[in-house]
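Asker: Provided below are the primary sequence and the corresponding predicted coordinates.
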Amino acid sequence: MVALIAGPCPPPRMAQGLGLPYLAAALEEAGYEAAIFDTYPPRQDDRASDDPDMRLAEAVAASSPSLVGVTIHTPAYAERVHLAKCLRQRLPDALLVAGGHHPTAAPGDLLRRSEFDVCVIGEGERTLVEIAGGVASGRNRRDTDWLTAIRGIACRADGRVLRTPRRRPVANVDALPFPAHHLLGLERYGPHPALGVRSQGLLTYRGCPARCAFCCNPQGRRVRQRAPSRVGGEVERVVRDFGVRGFNVYDNLFGLDRAHAVAVCDEIRRRRLDVVWDCWTAGGLVDAELAARLRRAGCIRVGFGAESGDDEVLARSQRGFTTAQHQAGIRALVAAGLKVQVFLMVGLPGETRASVERTVDFAARCGADDVSLSLHRPWPGTAAWRNPRAFGLRITRGPDFEAYVETESLNRTALLELTEEAVETLTQRGLKCGTLRCDRFVWEGFPRQALGW
């Protein structure tokens with residue numbers, strides 16, 4: 001049996017990414033049993049561990065898996081390393097496999113510092129099926145020679161980290177089975193805060209051609225679209241079989257291919273599906289006509305990745321859009337009756353006090369219903385992380401991939417203060433403004449209770 005873990009949280013869960021359901025579906029299609037663990041078991045009595053990761057490890061161990069896959073994103077690096085330690089205590093012989101953004105970007109460090117045996121690099125469906133096949137044939141974690149024949153992984157071999165040849169992303173994404181929604185326990189989900197109903201993730205394509213300096217883009221730059229009929233079929237199946245009518249469309253940029261976006265909206269309407277959903281976009285990809293189609297197809301909210309209100313900062317960050325394009329897109333969405341949450345960052349390449357002021361002004365006048373502001377945190381795998389000097393940045397790194405940036409004209413203290421001031425200014429102007437991320441770390445002298453705000 002293969003156990004899959006991602007973003008465990010206390011119940012009830014309100015959303016789940018698509019990684020685990022797609023992986024589980026690929027495993028089941030290949031004939032392997034899979035189970036998804038994405039919530040922490042409650043502490044039933046005084047004998048239960050105070051450590052939620054240990055309780056989760058005990059629950060996983062009770063199913064006797066021979067292979068455990070864990071999704072890791074960089075903010076949760078230390079927590080997942082601890083979870084792997086708990087899993088190893090309960091499952092000494094199981095193969096522990098890490099996947100997701102962080103193992104793709106920095107597999108060597110993770111393997112050297114944790115109990116994980118293997119890192120899957122990039123999309124994992126075919127890779128994990130091959131690993132499961134090896135385990136099912138009697139291969140084990142102590143003899144790793146068999147792993148070296150599998151493309152798209154990193155593993156420990158002879159005391160060193162070995163990276164195998166790259167595996168190409170799945171070219172025909174329509175050939176993949178529908179996500180394994182039946183393993184999620186959707187009946188126990190709470191309503192999604194943005195939609196007001198239970199929801200499930202959805203993709204209409206994979207990949208993104210953009211070259212943003214702050215994004216690791218693990219799906220690659222080649223865009224691989226799903227047939228609109230396939231997207232509509234998945235939506236209909238989830239509504240019919242699970243009674244879930246909310247969807248979070250995780251496309252990086254909805255409307256990137258206008259004709260495809262139109263076809264997806266038309267397919268949802270053709271099937272007469274009573275659904276509500278949200279999506280992400282930027283620039284002028286969604287014009288007035290497409291915005292109206294989104295609304296008629298059930299879309300009620302759009303997350304808008306403007307990132308900055310300063311054109312020079314956008315250019316140096318390689319965002320690919322201008323503030324004028326952002327403004328046109330937001331106006332089209334608002335005019336169609338869609339709620340818009342604009343996402344902005346402080347601390348991108350070229351940031352100055354004047355550019356932060358322009359970002360605040362943009363947020364105040366763009367017409368969005370909500371503003372989410374973050375302090376730019378650099379991630380492994382991004383262009384800014386690999387070569388900060390090329391973007392005029394200085395990066396200070398902590399022990400577990402925590403990191404902060406400074407620009408050519410703004411140091412750490414100034415960026416923290418400007419972020420706080422921006423939120424205060426926007427709130428005083430009557431906008432609904434929150435902070436998505438503004439990390440402060442213990443290792444730089446902040447008390448633990450001040451982490452994030």
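Answerer: Yep, that arrived.

Asker: What is the longest helix along the chain packed up against?
Answerer: In terms of residue count, the longest helix belonging to the chain (DSSP state H) is helix 412-428. Applying 3 or more Cβ pairs under 8 Å, 6 or more residues apart in numbering; DSSP states H and E, one finds that helix 412-428 contacts strand 339-346, helix 353-365, strand 370-375, strand 403-407, strand 432-437. In this view, the C-beta of every residue, glycine as well, is placed from N, C-alpha and C.

Asker: Would you mind pulling the contact partners of the second one?
Answerer: Counting by Cβ atoms under 8 Å, 6 or more residues apart in numbering, the neighbours of helix 353-365 from elsewhere in the structure are 306, 308-310, 312-313, 323, 326-327, 342, 344, 346, 371, 373, 409-410, 414, 418, 422, 425-426, 429, 431, 433.

Asker: How far does it sit from its chain's centre?
Answerer: In terms of Cα atoms, centre = their mean, to the nearest Å, the centre of helix 353-365 is found 27 Å from the chain centre.

Asker: do the same with the third one
Answerer: Centroid separation for strand 370-375 versus its chain: 17 Å, with Cα atoms, centre = their mean.

Asker: who are the neighbours of it, in terms of helices and strands?
Answerer: strand 339-346, helix 412-428, strand 432-437.

Asker: residues in contact with Thr164?
Answerer: Leu147, Thr148, Ala149, Ile150, Arg151, Gly152, Ile153, Ala154, Cys155.

Asker: want to throw the residues you listed into CSV with distance to Ser49?
Answerer: Shown next, in CSV, are the contacts of Thr164 (distance: Cβ to Cβ, whole Å):
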residue, distance to Ser49
Leu147, 32
Thr148, 37
Ala149, 39
Ile150, 34
Arg151, 38
Gly152, 35
Ile153, 32
Ala154, 31
Cys155, 30
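
Asker: Who wins on neighbours among those?
Answerer: Using other Cβ atoms under 10 Å as the neighbour test, the contacts of Thr164 are led by Ile153, with 28 neighbours.

Asker: Who does that one form a beta bridge with?
Answerer: Note on Ile153: beta-bridge partners by DSSP bridges are Val120.

Asker: before we move on, back to that, Arg386: which of the contacts of Thr164 is nearest?
Answerer: Ala154 (17.4 Å; Cβ to Cβ).

Asker: now the closest one: how far from Arg168?
Answerer: Remark: distance between Ala154 and Arg168 (Cβ to Cβ, to the nearest Å) = 17 Å.

Asker: Also Gly347?
Answerer: Gly347 is 35 Å from Arg168, by Cβ to Cβ.

Asker: In terms of neighbours, single out the busier of these two.
Answerer: Gly347 (27 against 12).

Asker: so who does that one touch?
Answerer: Leu375, His376, Val405, Glu406, Thr407, Leu410, Leu415, Thr419.

Asker: swap the cut-off to 6 Å and go again
Answerer: By Cβ atoms under 6 Å, 6 or more residues apart in numbering, the residues touching Gly347 are Leu375, His376, Val405, Leu415.

Asker: how much space is there between it and Glu406?
Answerer: In terms of Cβ to Cβ, Gly347 sits 8 Å off from Glu406.

Asker: Quick check: nearest residue in space to Gly17, chain neighbours excluded?
Answerer: Excluding the flanking residues, the one nearest Gly17 by Cβ to Cβ, 6 or more residues apart in numbering is Gly201, at 6.0 Å.

Asker: was I right about that neighbour contacting Tyr250?
Answerer: Yes. Counting by Cβ atoms under 6 Å, Gly201 does reach Tyr250; the two are 5.4 Å apart.

Asker: Please compare these two by neighbour count and tell me which comes out ahead.
Answerer: Taking neighbours as other Cβ under 10 Å, Gly201 and Tyr250 compare with Gly201 leading, 19 against 16.

Asker: Am I right that the more buried one sits in a strand?
Answerer: Yes. Counting by DSSP: H, G, I helix; E, B strand; the rest coil, Gly201 is located in a strand.

Asker: per-residue pLDDT, it?
Answerer: For Gly201, the pLDDT comes out at 96.

Asker: Would you mind measuring from it to Glu123?
Answerer: For Gly201, the distance to Glu123 - Cβ to Cβ - is 15 Å.

Asker: same deal with Ala328?
Answerer: 34 Å.

Asker: Counting neighbours, go ahead and name the busier of those two.
Answerer: Glu123 (26 against 17).

Asker: Correct me if wrong: that one contacts Pro169.
Answerer: Yes. Counting by Cβ under 6 Å, Glu123 does reach Pro169; the two are 5.2 Å apart.

Asker: any idea how far Val342 is from Ala213?
Answerer: From Ala213 to Val342 the distance is 20 Å (Cβ to Cβ).

Asker: Having no further points to raise, I will conclude here.
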